[in-house]
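1. Build me a model:
(one chain, ligands or ions: 3)
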Amino acid sequence: TKTPTLAVIGGDGIGPEVTTEALKVLKATVGEDAFTFVEHDLGAERWLRTGEVLPEATIEELKASDAIILGAVGAAPGSTEIPSGLLERGLLLKLRFLFDHCVNLRPSKYYPGTASPLSSAVLEQGPIDFVVVREGTEGLYCGNGGAVRVGTEHEIATEVSVNTAFGVERVVRDAFERAMARRKKLTLVHKHNVLVNAGGLWKRIVEQVSTEYPEVTCDYLHVDAATIMLVTDPQRFDVIVTDNLFGDILTDEAGAITGGIGLAASANINTTGDFPSMFEPVHGSAPDIAGQGIADPTAAISSMVLLLDHLGRPEDARRIEAAVEADIAARGDAKRSTSEVGDAIAAAVRG
Ligand code: NAD
Ligand code: IPM
Ligand code: MN
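-> Numbers count the residues shown, from 1 in each chain. Ligands and ions are numbered 1, 2, ... in the order given. This next block holds a predicted model:
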């Protein structure tokens with residue numbers, strides 16, 4: 001059997017820093033030779049140097065890989081050198097669309113020991129363990145909009161959310177399957193009181209698919225109320241299914257309540273197996289702390305858990321998961337560097 005190839009895109013800011021630690025832990029778990037790693041020099045520096053964001057030849061190489069590991073891309077929000085979103089849209093979103101990453105899976109689990117901002121009263125309500133199944137290829141992310149009379153006082157700017165029955169149904173089905181393997185509870189989050197067309201479609205599809213999953217208890221929350229529940233009663237959630245933008249926002253909040261965005265992992269999954277899936281932390285390039293060696297690599301490391309599960313290596317996945325859990329439990333207030341955290345978790349998986 002052929003050694004699987006993993007494409008690696010460190011990217012910008014803390015992206016390469018946390019990716020180094022993720023690869024360290026991955027290799028400590030499966031050995032140096034289980035995968036062939038191919039690093040791709042992409043991101044802000046490449047663009048500034050060559051004007052290329054994602055060359056055609058690179059797309060072909062990525063397509064031929066078995067999975068993609070991404071750090072983060074994107075310049076500082078105030079950057080004058082790099083147009084806002086150039087790298088995010090030209091690379092990250094482009095890969096999600098090209099490789100049909102319809103399921104953006106974002107698990108959240110509270111491990112005792114993490115610095116959750118939730119009150120102890122809320123934490124004592126019980127374990128927090130849910131996944132957000134965020135749609136990854138549609139919604140407001142399609143670039144479907146435009147602007148006229150730009151710069152005048154009559155400017156009109158539109159972004160139109162695209163929701164197809166096909167696209168919604170496949171992600172809803174995936175969410176029901178995940179609910180069956182978990183606590184059998186599914187919450188649709190949308191805003192169908194205002195977004196009647198898209199919200200109506202999501203609601204109807206969840207109702208239709210739910211008839212095939214009588215064991216799964218379904219409920220619904222408007223997205224604004226969902227942001228409250230995440231803070232007051234996060235234990236109520238098992239599987240959340242939602243659209244692209246709501247899922248983006250809710251998963252940053254989910255990261256924050258379960259110990260910080262530095263812990264939140266994600267998988268961009270191609271459910272047909274036609275294209276490689278992509279594994280990355282939920283967070284971005286964090287320009288405010290880049291280059292200091294202080295970024296938390298745990299999110300990037302935990303995305304290796306999702307990668308190994310995806311590649312059919314659940315035992316290896318569980319080893320990293322256990323090592324991360326133990327490392328988090330042992331964290332006190334001591335500040336460790338990015339590489340110290342990676343070294344500790346790598347040592348723990350070696351046993
Ligand atoms: P961000 O996630 O990069 O940072 C938000 C805050 O969280 C910052 O204070 C940062 O220091 C902190 N943070 C993030 N990751 C951390 C870690 N591992 N350890 C400790 N602290 C961490 O979000 P932002 O500031 O809105 O975006 C910065 C850039 O990243 C932008 O260009 C944005 O478009 C891009 N971005 C990229 C991705 C991606 O590539 N997947 C995701 C989100 C944002
Ligand atoms: C994420 C990021 C991206 C998104 C940006 C950088 C385009 O915030 O992966 O959560 O909005 O999906
Ligand atoms: Mn985001």
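
2. Return the distance of the residue in the stretch 1-150 of the chain that ligand 1 sits nearest to relative to residue 175.
-> Across the stretch 1-150 of the chain, no residue is closer to ligand 1 than residue 74, which sits at 2.4 Å (C-beta to the nearest ligand atom). All C-beta atoms are positioned from the backbone trio N, CA, C, and that covers glycine. With distances taken as C-beta to C-beta, to the nearest Å, residue 74 is found 28 Å from residue 175.

3. okay, the two: which has more neighbours?
-> Taking neighbours as other C-beta atoms under 10 Å, residue 74 and residue 175 compare with residue 175 leading, 28 against 25.

4. tell me, how many neighbours does residue 153 end up with?
-> Considering only other C-beta under 10 Å, residue 153 is surrounded by 5 other residues.

5. so whichever residue of the stretch 101-250 of the chain sits closest to ligand 2 is in which element?
-> Of all residues in the stretch 101-250 of the chain, residue 248 sits closest to ligand 2, at 4.3 Å by C-beta to the nearest ligand atom. Taking DSSP states H and E as the criterion, residue 248 maps to helix 244-257.

6. Give me the residues contacting the very next helix or strand once past that helix.
-> Following helix 244-257 in sequence order, the next helix or strand is strand 265-269 (DSSP H and E). Strand 265-269 is touched from outside by 95-96, 99, 101-107, 136, 174, 251, 277-282, 299-303, 305-307, 310, with contacts defined as C-beta atoms under 8 Å, 6 or more residues apart in numbering.

7. quick one, what contacts the closest residue to residue 22 other than its chain neighbours?
-> Take residue 22 and drop its neighbours on the chain: the residue closest to it by C-beta to C-beta, 6 or more residues apart in numbering is residue 300, 4.0 Å away. Residue 300 sits next to 18-19, 21-22, 71, 265, 280-281 when contact means C-beta under 8 Å, 6+ apart.

8. Around ligand 1, pick out the residues from the stretch 51-200 of the chain.
-> 72-75, 77, 88, 92 (C-beta under 6 Å from any ligand atom).

9. most centrally placed residue in the protein?
-> residue 266 (3.0 Å; C-alpha atoms, centre = their mean).

10. Pull up the gap between the residue of the stretch 1-150 of the chain found nearest ligand 2 and residue 336, please.
-> In the stretch 1-150 of the chain, the residue found nearest to ligand 2 is residue 88; the distance is 3.9 Å by C-beta to the nearest ligand atom. Taking C-beta to C-beta as the measure, residue 88 and residue 336 are separated by 29 Å.

11. So the two - more neighbours on which side?
-> With neighbours defined as other C-beta under 10 Å, residue 88 and residue 336 compare such that residue 88 has more, 18 against 15.

12. Can you name the residues that contact that one?
-> So residue 88 contacts 73-74 (C-beta under 8 Å, 6+ apart).
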